[in-house]
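Novice: Mind looking at a prediction? Sequence and model below.
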Amino acid sequence: MLIKSTEIIDTFAEAFGMWGSRVIVTGETPKWAMAAARSMTGFATSVIGCKCEAGIEGLLTEDETPDGRPGVSILLFAGSAKGLANRLVERVGQCVMTCPTTACFNGLEVEETVNVGGKLRYFGDGYQSSKLLGDQRLWRIPVMEGEFFVEESFGIQKAVGGGNFLVLGEDLNITLAAVEAAVEAMQLPGVILPFPDGVVRSGSKPGSKYKALPASTNDAYCPSLRGRAPRTELPEEVTCVLEIVIDGLDETAVKEAMRVGIMAAAREGIRQITAGNYGGNLGQYHLQLHELLRG
Amino acid sequence: MSGSSKVIENAICTFCGCVCDDIELTVDSGGKYITQAKNACVLGKSWFLEHKVEDFPVALIDGKEASLEEAVEAAAQVFVNAKFPTIYGLSDTTCEAQKEAVAIADYLNGNIDTTTSVCHGPTGMAFQGVGESTASLGEIKNRADFVMYWGGNPAEAHPRHFERYAVNPKSHWLPNGKEDRTIAMVDIRPTQSSMIADIFLQIKPGSDFELLWAMRALVKGRAFDRSVEERTGISLDRLEALVQQMKDCQFGVLFFGMGLTMTRGRHFNAGALLQLVTDLNDFTHFVSLPTRGHGNVTGADNVVSWQTGYPFGVNFNRGYPRFNPGEFTTADVLGRGEADALCVIASDPGSNFSAKAIEHIKSIPVITLDPKPTVTSQHAKVAFTTATYGINVPGTVYRMDNVPLSLRPAFDSPFPSDEMVLRAIKERICELRGITSNHKPVAA
Amino acid sequence: MSSAIRIKNGKVYDPLNGIDGEIKEICVQDGKIVDSVPDDSPCIDAHGMVVLPGGVDIHCHIAGHKVNLARKFMPENKRHDVSPRVNELRSGTGGSVPSTFTTGYRYATLGYTTAMEAAVPPLGARHTIEELHDTPVIDKGFYILLANNVCLNQLLEKGRMEEFREAVAWWLNAAKGYGVKLVNPGGDEPWKGHKNSNVHDLDEQIRGFDLTPRKIIKALIDATNDLGLPHPAHIHCNNLGHSGNYTTTIETMKTAEGRRVHITHIQFHSYGGEVGKNPTSKAKEISDFINNNPNVSADVGQVMFGEATIMTGDAPLTWQLRNMTNKKWINADTECESGCGILPFSYQEHIYTHALQWAIGLELFLMAKDPWRMVLSTDHPNGGSFMNYPKLIRLLMDKQFRKEQAALANQKAINSTSLLDLEREMSMYEIAIISRAAPAKLLGLTHKGHLGVGGDADITIYDDQEDKEAMFNAARYVIKSGKFFIKDYEFCSDFQGRILHVEPEYDHAITQKLRPFFEDYYTIQFDNYPIADSYIHDGEVVPTKSLS
Amino acid sequence: MKLSLHTLPTVPLEAEVICPDKFIGNSLDAISAMTVMHGNQACSLADFFTLTDDGLETIEVDGDLSKVKLIGSEMTQGKIIIKGSVGAHLGALMTGGEILVTGNAEDWVGREISGGRIVIKGDAGHLVGSGVRGSDTGIQGGEIIIHGNAKNEVGNGMRRGLIVIGGNSGDFTGVNMKAGTIMVLGQLGQRPGASMVRGTIFSTQSAQLLPTFTYNTTYKPTFLKRYLIYIKKLGFTIDDAYLNGKYQSWSGDSLELNKGEILLFAE
């Protein structure tokens, strides 16, 4: 399949089941909401080394937040429900509670929930108080600047992590331009791109010659190893490969993000767009590129 | 009974809630009036001495003289034709009559309420919320070395309260009487009563609750705001000293009157006081008592309570007692125009209820039982003249501290007692309603 | 209505006459059990039914000032337990402290035809009688509180024992009491006069008097025996509810020195452990003592899970409970005579102490060798309402049920007692003893608690059911003084019961000693204090044995 | 189901049968015959109301119902719309569903509810969302929204839930409160929060507080803005000044746990 002059390889991205949550952080100004959001989504690129993957889903206006203040919506994913609960407590506690003026709300109305505010409340040392609005229990934790307002329970749901595609370009500048365009197009609800500004260069394969490592560099796509690696997947003209990884609350959202991303990335100078898979044995989701592009 | 005059010893005065039982009555030789009431106070004297059996008809129907039987029939008809008959009053009659009144309300599926709802009803409600520590008056006479009155003027409302119960008596524990006691008064203005007080706190009107609240905070050692000085007009120094005295006494008592319970805050004012007294029990023995007015209003509370489980404002519309002050209390029931028949026993709502309530009274059939014509009886469909309890009628009454006494009437009246009239009406109602009764009439 | 009734084919349990489940005919004429009635008399075919004497409650709180305070106090807890008017049967409210009419009807509905109000300050006797007049169907009487009586204490400290006894007799007459009640002997004086303190030891001097609780207890045990009262001193011991109080209880029983004495709600007095710490069960020690001392009787004061009302002359106790529960609370002192405390309470399965109390009560029932001296009570409403009696009876008769119920309660508490080792199941005969025959006997009511000729025709007839709770909950027939109150499950008439009281003889000279005391200490006139005979509408004087 | 009052009751009418739970599954005839108590007389619903089955589950009641008590009592589901004013004990013990009143309501609106929502467009009487006398527990959940004024003892003993008074509240607002939130968009009466243990009382006006309340600070409570936005969605007009304003925070009642708070608009 060709989009513009870019060949879309008939393969699939192999994605994994994860647990996802949506956290809404608000602040007195957009600046402080964003400060907390950036802090909370920092060091959350890949479960391989970060225990969770997170990113900013979008900005929220005063009308869109529970407390009528500017906010940021964050998606946070982890491999298990319990892990996700722990990460939420850590990150809301360390990155949001600490940040001036912020409040923190659940953004996912689903059945299954984990206790976040209800654990952070102990920071209040007995001065904390709770509020129940409708079915929503909220905690007020006194802090030096006023009080930190945080919802007790956050919804979690089964989610899809590791949706991806690889952009194979003729040179660095073209490839960068292509992935930047893709990232911009992929600012969609329900997904985040956990890597720095959405892009990863150190795509990986599972396993390593070193026993301690679960993953290692994706040698088949490293141009500099074209001659040394046992196998290469790169056409001759390709000198640079960049990957975009997508985590989403469900498969549809991930596929949609991949579709618009691929459409935006395809261009002159991009020889191929393909996807990372591991032979189909590791991940439960096989996101077929041709299929999702056909809609 | 002719020739010599008769003397009744240890007679009981029912004018106020003190219910003094040491009155010596002398009845004139004709057995028609009392010539002397030894030991009685000024109020008691006029209660006894001004009581004359007058030549009223025993009953009026629509203002026309009627026989007792006709009036009983007319009253029963009014009652059985009503959907929301309300019985009210009862504080100036015997417990025996009060029992009959509750029975009527029960058999009618009606509504019953006593004058408690317009005097210490708030105290009753407060008591239900927070409890109380209380005592019979003798314990106060014997032991109370700290006596406080709040929002009442016993010197004028209960003239023998000081002498008999709380201030002057000497006792085993307080051999020097008043000298061994500290007397404190709280009121918005000096009164006859405050003149005898060792400590008088003149507080700004409407600030009782705040003052009580600050005192509670002092007793419990809790934080409170100094602004209470400004609000109440009492300096913190004085307040602290007073509270310390209260905590240090051996046996304290706090009497309170309608100056507390019928001003803004009502049952909360009373509740604050009851709670203050409860708080003080962490330090010493402390009790409280409302200084209740009418002779047997406490009996009315008791009778209604044991028969229904609730002290006043009781409704039987659904065949069993329900209680809700504000909903089933007479002033409210009439003020909202809800009752469609009213029976008043020994009370006069026509002279002291709200204009709206009085207007409603005029629009519905009213039955009255009273020794004398009243404003209410002017509007009555059926008005009975009854004998006066304590003077003409025997029976049981309760003192303000819930101590019951048996009345010692002085002479007979040509009029029937409230109890007799009410029982006759009850029996007629049962006949009309087809309620068979095995109750044997109770021997007096 | 003919006054004769014949009950035939019923299975009769009449322990006082040694009848254990025989099919036997019972005849009733003019309110009494008789040998025979005319052939055409109305007849109940009680085939498949159990015939028992009417129940007798030896200790409950159903009338008087404190009961009425409790009624006024808790409008919230009876709204959903109403008792509608049924024809001439008056309406009322329930909860743990029912209104008077409802009290009478409900007792009778359970098959109880006699109940004794257990704590009346004599000054409040008039009030109590007023309420008892409005407590229909059942016969009733009351015990007067004399163990904190200032006048008696003054006589006692001076050793004027004869006058003391005369005064006790005067007081019983004046108040129309049935018996003498001791509550926390000597405790009122420190409570009222010394900053809410209390006495804790029988040999501790009572502040203000040259007197100890033991002396008061001894004097009243002697006086009640010497006066030949039908019921001996009825004692609520010191230290109720305190861990380690069983020694006080045993000391109190020893004080009787072999003379008759009744210890009430003994469950609340059977605790080991240290003051201020969790109690343990001393049911075994208490049972052993009673088993070995035939002069002592007791009622259990069983705790039942659910709503209750603490209501007692033991004011310091309720004050302590208030501080634990932080609930609304009443204290009410009666001059020279008594104190009183009230608070709402609820016994909960999961709470250690409550579960322990429940288990101790059952242990006491089941460990008693002589059921004639360990009788049924819940100290209504303190341990729970009398409406729990059917369930309590089932707990005693049905081991399996008892174990199931124990499994729902705090296991630490249950396992610290011997309850689960007690395999005893009471028979119908034994139930008839602890709820009928024995209380009547202990009260000296020779015409009650049995179905022998000459006895009061207080009879209850139940359908013989496997589930004893269901059985005792709904009597099929209740006959009181020969009149039907319930016939075939339906209320059929309303009537008053009698007031039972005693009139022990005394030398009227005692009034000359008492009059000055009244003038100094009381606020009512001495002559206004005694209750006139005419005040009792339908009374029965139960004879005392002569002084000689 | 539509009910229209055709005969004005002369004495209080107790009509707890007007409740979705009671109507569901019953025919028009059966509903018409349901018992209401007119004083001490048992009457049928049809004696006072014209009933029309419009096939809808919502119950719509028309007329001056100010003497009609206990409508929606113990309701668990569904909706009642009252076009007019209504008597005492509206929605008592309700656990779910919704009641809307276009006029005023008498005392005891939402007594002891634990869920559901009651909306009064007009004024309400005393004891909105309270418990009964003698009990220390008021409502345990649910929402009571009064657009007009309310009289004394709003939320007495309240343990959970939300009460909003669009106008002024009477004396002793939030007395004995255990927890929950009371928002008064007008003036608080005397002695708000007496004996409160926990919970929040809010007002857009200043108020004189009891001496046992102590001042904390003046700040912008985030949670309050959350609440204001929430009630804005329920149809209240909330000034931006209140949304973004600062509030005095007071703690009390020190005679109890001192964990209650009163928030008063400052600037």
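Specialist: It's in.
Novice: residues in contact with the host helix or strand of D:G116?
Specialist: Taking DSSP states H and E as the definition, D:G116 sits inside strand D:114-120. Contact with strand D:114-120 is made by D:72, D:75-76, D:90-91, D:93-101, D:104-105, D:109-110, D:139-148, D:160-161, D:234, as judged by CB atoms under 8 Å, 6 or more residues apart in numbering or on different chains. For the C-beta atoms, the positions are set from N, CA and C on the backbone; glycine is no exception.
Novice: Tell me the residues on the stretch 101-250 of chain B that lie near chain C, please.
Specialist: Contacts of the stretch 101-250 of chain B with chain C, taken as CB under 8 Å from any CB of the partner chain, map to B:103, B:106-107, B:109, B:124, B:127-139, B:141-143, B:164-165, B:171-173, B:250.
Novice: Would you mind identifying the next helix or strand past the strand holding D:G116?
Specialist: Downstream of strand D:114-120, the next assigned helix or strand under DSSP H and E is strand D:140-146.
Novice: elements contacting that following strand?
Specialist: On a contact count with 3 or more CB pairs under 8 Å, 6 or more residues apart in numbering or on different chains; DSSP states H and E, strand D:140-146 meets strand D:114-120, strand D:160-165.
Novice: SS state for C:V453?
Specialist: Using DSSP: H, G, I helix; E, B strand; the rest coil, the structure places C:V453 in coil.
Novice: you'd agree it is up against C:I33?
Specialist: Yes. Contact status for C:V453 versus C:I33: in contact at 5.5 Å, counting by CB atoms under 8 Å.
Novice: Let me know how buried C:H447 is, in neighbour terms.
Specialist: When neighbours are counted by other CB atoms under 10 Å in any protein chain shown, C:H447 registers 16.
Novice: Without its sequence neighbours, what residue ends up closest to A:T61?
Specialist: In space, and not counting its chain neighbours, A:T61 is closest to A:P70: 6.7 Å by CB to CB, 6 or more residues apart in numbering or on different chains.
Novice: how many other residues sit next to that neighbour?
Specialist: A:P70 has 20 nearby residues by other CB under 10 Å.
Novice: With A:D219 instead?
Specialist: When counting by other CB under 10 Å, one arrives at 17 neighbours for A:D219.
Novice: who's in contact with it?
Specialist: Contacts of A:D219 by CB under 8 Å, 6+ apart are A:K205, A:L225, A:A229, A:P230, A:R231.
Novice: for the residue of chain B at minimum distance from chain A, phi and psi?
Specialist: Chain A sits closest to B:A223 of chain B, with a gap of 15.5 Å, by CB to the nearest CB. The phi/psi pair for B:A223 (degrees, to the nearest 10) reads phi -70, psi 140.
Novice: how about it, what does it touch?
Specialist: By CB under 8 Å, 6+ apart, the contact set of B:A223 is B:A217, D:T212, D:T214, D:S254, D:N258.
Novice: The helix or strand encompassing B:E69 near chain D at all?
Specialist: For B:E69, the host element (DSSP H and E) is helix B:68-80. No. Using CB under 8 Å from any CB, we find that helix B:68-80 stays clear of chain D, coming within 10.2 Å at best.
Novice: what pLDDT, on average, does that helix get?
Specialist: Helix B:68-80 carries an average pLDDT of 98.
Novice: so the next helix or strand after that helix versus helix B:68-80, what angle?
Specialist: Later in the chain than helix B:68-80, the nearest helix or strand by DSSP H and E is strand B:85-89. Here the directions of strand B:85-89 and helix B:68-80 differ by 120 degrees (axes from the mean of the first three to the mean of the last three CA atoms, to 10 degrees).
Novice: Please work out how many residues are found near residue 267.
Specialist: I went with chain A, as the question did not name one. Using other CB under 10 Å, A:R267 has 17 neighbouring residues.
Novice: try again with chain B
Specialist: 24.
Novice: can you check A:S80 too?
Specialist: When neighbours are defined as other CB under 10 Å, A:S80 has 12 of them.
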